[in-house]
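*Asks:* model this:
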Amino acid sequence: MKKTIIFLLIICVNIVYSQSKIYAFIGKKISVERVKPDDHFYLKYRNVYKVEQVFDNEIKTDTIIFNSYTHMNQIGYSVYDYAIIYLMKNNSGNFIQKRTYYTPIILNKDGKWYGFDRSDETIQDYESITAKNLHISKNLKTAKVVYPELKKRKYLIKAFYPSLFFNYVNKNSIEIKNLKTAENLYKEKVKEIFSKKN
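*Replies:* This is a model prediction of the structure:
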């Protein structure tokens with residue numbers, strides 16, 4: 001009897017979570033600002049992004065405004081100029097970001113977007129990119145605000161531009177080594193998000 005009840009509970013949880021839809025898009029950051037929260041449990045951020053590519057037909061605008069909610073003052077996605085942002089809808093039908101899931105997007109080459117997942121530990125399924133330098137001083141300035149404890153540039157570069165995917169050039173520049181297509185990154189992240197829910 002106990003096993004039957006546990007089995008039914010698992011089925012119910014899976015049904016509820018399978019109805020949670022994820023809406024994703026590649027966005028160019030326009031602004032990310034901290035605003036007054038709805039409660040004392042979460043920090044709230046108001047985000048404005050230009051929509052560069054959608055992974056879902058429900059995002060129909062060229063600019064999207066959404067709120068993010070997090071327990072920590074660590075909005076890592078704001079460091080990058082471009083990112084895949086993963087949203088849900090609240091009870092009012094508005095896009096929100098309950099957990100700050102994102103994937104950094106670094107390059108648009110021949111009309112295709114490329115990025116990386118900082119949690120990846122190998123470059124399997126990544127493409128070797130012909131050397132291309134990125135000027136990242138503006139991004140590192142944002143990173144310093146997001147992670148004030150990482151005072152030195154080399155620590156910020158290591159945190160946001162891992163050596164598996166980039167080569168250090170100088171204190172303001174890095175060179176791309178390996179990136180993955182946005183479509184593959186999107187599929188993997190959605191799978192990861194749903195596996196964490198179950």
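*Asks:* Can you tell me which residue is spatially central in the protein?
*Replies:* For the chain, the residue nearest the mean C-alpha position is Tyr102 (0.9 Å; CA atoms, centre = their mean).
*Asks:* so what's that one bridging to?
*Replies:* Taking DSSP bridges as the rule, Tyr102 bridges to Ile85.
*Asks:* Next: Phe95.
*Replies:* Lys89.
*Asks:* Kindly report the same for Lys44.
*Replies:* The partner residues for Lys44, given DSSP bridges, come to Val35, Tyr69.
*Asks:* Hmm, Ile106 is touching Asn133, no?
*Replies:* No. With contact defined as CB atoms under 8 Å, Ile106 does not reach Asn133; the gap is 11.6 Å. Heads up, the C-betas are built off the backbone N, CA and C, glycines and all.
*Asks:* rewinding a little: isn't the residue nearest to the centre of the chain up against Tyr82?
*Replies:* No. Contact criterion CB under 8 Å: Tyr102 and Tyr82 do not qualify, at 10.2 Å.
*Asks:* Tell me, how many residues neighbour the closest residue in space to Gly76 that isn't next to it in sequence?
*Replies:* Nearest non-adjacent residue to Gly76, counting by CB to CB, 6 or more residues apart in numbering: Val146, 6.3 Å away. When neighbours are counted by other CB atoms under 10 Å, Val146 registers 19.
*Asks:* thought Val146 was touching Tyr80?
*Replies:* No. Counting by CB under 8 Å, Val146 does not reach Tyr80; the two are 10.8 Å apart.
*Asks:* Overlap of the contact sets of those two?
*Replies:* When contacts are counted by CB atoms under 8 Å, 6 or more residues apart in numbering, Val146 and Tyr80 have no shared neighbour.
*Asks:* does the nearest residue to Leu140 once chain neighbours are set aside count as helix, strand or coil?
*Replies:* In space, and not counting its chain neighbours, Leu140 is closest to Leu156: 5.1 Å by CB to CB, 6+ apart. Under the three-state scheme (DSSP: H, G, I helix; E, B strand; the rest coil), Leu156 adopts helix.
*Asks:* Mind pulling the model confidence for Leu156?
*Replies:* We have a pLDDT of 93 for Leu156.
*Asks:* Which residues are in contact with it?
*Replies:* Applying CB under 8 Å, 6+ apart to Leu156 gives the contacts 140, 143-144, 147, 150.
*Asks:* Then Gln74?
*Replies:* Neighbours of Gln74 in contact, by CB under 8 Å, 6+ apart: 100, 146-147.
*Asks:* With distance to Phe166, secondary structure and pLDDT added, can I get the residues you listed in TSV?
*Replies:* Converted to TSV, the contacts of Gln74 look like this (distance: CB to CB, whole Å; DSSP: H, G, I helix; E, B strand; the rest coil; pLDDT from 0 to 100):
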residue	distance to Phe166	secondary structure	pLDDT
Thr100	22	coil	84
Val146	18	helix	87
Tyr147	18	coil	88
